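Q: here's a sequence, model it:
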Amino acid sequence: MSEAAALSRKQLLFYLLFLILMWGINWPLTKYALEFSPPLLFAGLRTLIGGTLLLVVALPRWRKLRFRETWPYYLCSAFLSIVFYYGFQTVGLQYMPAGLFSAIVFLQPVLLGLFAWMWLGEKMYTRKMIGLLLGFAGVAAMSIGGLTGGVSFIGILLALASALSWALGTVYIKRQSAKVDSLWLTAMQILIGGGVMTAYGSTVESWSEVRWTGAFLYDTLFISVFVIALGWLVYFKLIASGEASKVGSFTFLIPVVSIICSVLFLNERLTVNLLAGMALIVASILLVNARPRRLSR
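A: You can find the predicted model right below:
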């Protein structure tokens, strides 16, 4: 039986709500943490903690690790989904407001829909494509002219690179899911990715620049446990439960949460573009998840 059959509609809804909330909160929390730590060291530290927690959870299933056979999958997934995604993201947040940066990253569901069609054999029809484009238009509407703050060309490039690596990582994991245990894949990619970023960050940044305040520690632990360890477990479970492009369409809601939290807690301002963007996103989700009509003849 596949993981898809194991998820009830209530479980699916719960996982989606959890993921949207946690990954939406992640952006302003990360932006705040960068006041206390250099970006690469923080990116490495939070993923290393999250990966260690998942390693402890996975240890009772150690026979399913099969590291000699499966290490290439773990390594490739670690670089695409963790090192590149979090590395570009954490550095890029220094150049742009958290809400705006997260909005640009959410070109990812559009890329994921295209890649899933090209490499996973998922169906691509006009309604789905329009839905994906509407979702990105909604994200753009919330950011272009909707938020005040500097717009950096470097920041835009880093946001786009983050989106590309996330989409490629998701498709890669979906393709290789039958060859590796899902819990070990999640744990190892995060642990390897965290180790790589921590090691590289230690060579180009200084640990003496980290201010180990209570706020920074609480922020880091929350992100490590709920955003990274539990968030990635839930994300991969959702991807395994159905079409990657349909799950991706719901992630358009993540920048909505991010922007609202950024407005409330980071004093980032916005206009009525938020309402227009939310309407487009709702339309996007409905179109992507609606079943195409079968031809009567």
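
Q: quick check: which ranges of this structure have low pLDDT?
A: For the chain, applying pLDDT under 70 flags the ranges 1-7, 99, 142-151, 243-245, 268-271, 274-275, 278, 289-297.

Q: can we see that at 50?
A: Where the chain drops to pLDDT under 50, the residues are 1-5, 146-147, 295-297.

Q: check the gap between residue 128 and residue 284 for me.
A: Distance, residue 128 to residue 284, using Cβ to Cβ, to the nearest Å: 10 Å. In short, each C-beta sits where N, CA and C put it, glycine included.

Q: now residue 41
A: According to Cβ to Cβ, residue 41 and residue 284 sit 36 Å apart.

Q: compare neighbour counts for these two and give me the winner.
A: Taking neighbours as other Cβ atoms under 10 Å, residue 41 and residue 284 compare with residue 284 leading, 27 against 21.

Q: for the helix or strand encompassing residue 128, packing partners?
A: Per DSSP states H and E, residue 128 falls inside helix 126-143. Packing partners of helix 126-143 (3 or more Cβ pairs under 8 Å, 6 or more residues apart in numbering; DSSP states H and E): helix 98-105, helix 108-119, helix 244-250, helix 254-266, helix 273-289.

Q: residues in contact with the helix or strand following it?
A: As assigned by DSSP H and E, the chain's next helix or strand after helix 126-143 is helix 153-176. The contact list for helix 153-176 (Cβ atoms under 8 Å, 6 or more residues apart in numbering) reads 73, 76-77, 80-82, 84-85, 88-89, 91-92, 94-96, 101, 104-108, 111-112, 115-116, 119-120, 185, 236, 239-240, 244, 248.

Q: which among those residues count as buried?
A: 73, 76-77, 80-82, 84-85, 88-89, 91-92, 95-96, 101, 104-108, 111-112, 115-116, 185, 236, 239-240, 244, 248 (16 or more other Cβ atoms under 10 Å).

Q: so residue 96, which of the three states?
A: State at residue 96, reduced to three classes by DSSP: H, G, I helix; E, B strand; the rest coil: coil.

Q: what about the nearest residue to it once chain neighbours are set aside, distance to residue 227?
A: Leaving aside its chain neighbours, residue 96 sits nearest to residue 155 (3.8 Å; criterion: Cβ to Cβ, 6 or more residues apart in numbering). Separation of residue 155 from residue 227 (Cβ to Cβ) stands at 21 Å.

Q: rewinding a little: report the buried residues of the helix holding residue 128.
A: Applying 16+ other Cβ under 10 Å to helix 126-143 flags 128-129, 131-132, 134-143 as buried.

Q: and if you look at stretch 186-200?
A: Residues 186-198, 200 are the ones in stretch 186-200 that count as buried (16+ other Cβ under 10 Å).

Q: can you name the two of those that are farthest apart?
A: Farthest apart among those by Cβ to Cβ are 186 and 200. That separation is 21.7 Å.

Q: show me what the one helix or strand residue 198 maps to is packed against.
A: In the assignment (DSSP H and E), residue 198 maps to helix 182-204. Helix 182-204 sits against helix 39-58, helix 67-77, helix 85-92, helix 231-241, with contacts defined as 3+ Cβ pairs under 8 Å, 6+ apart.
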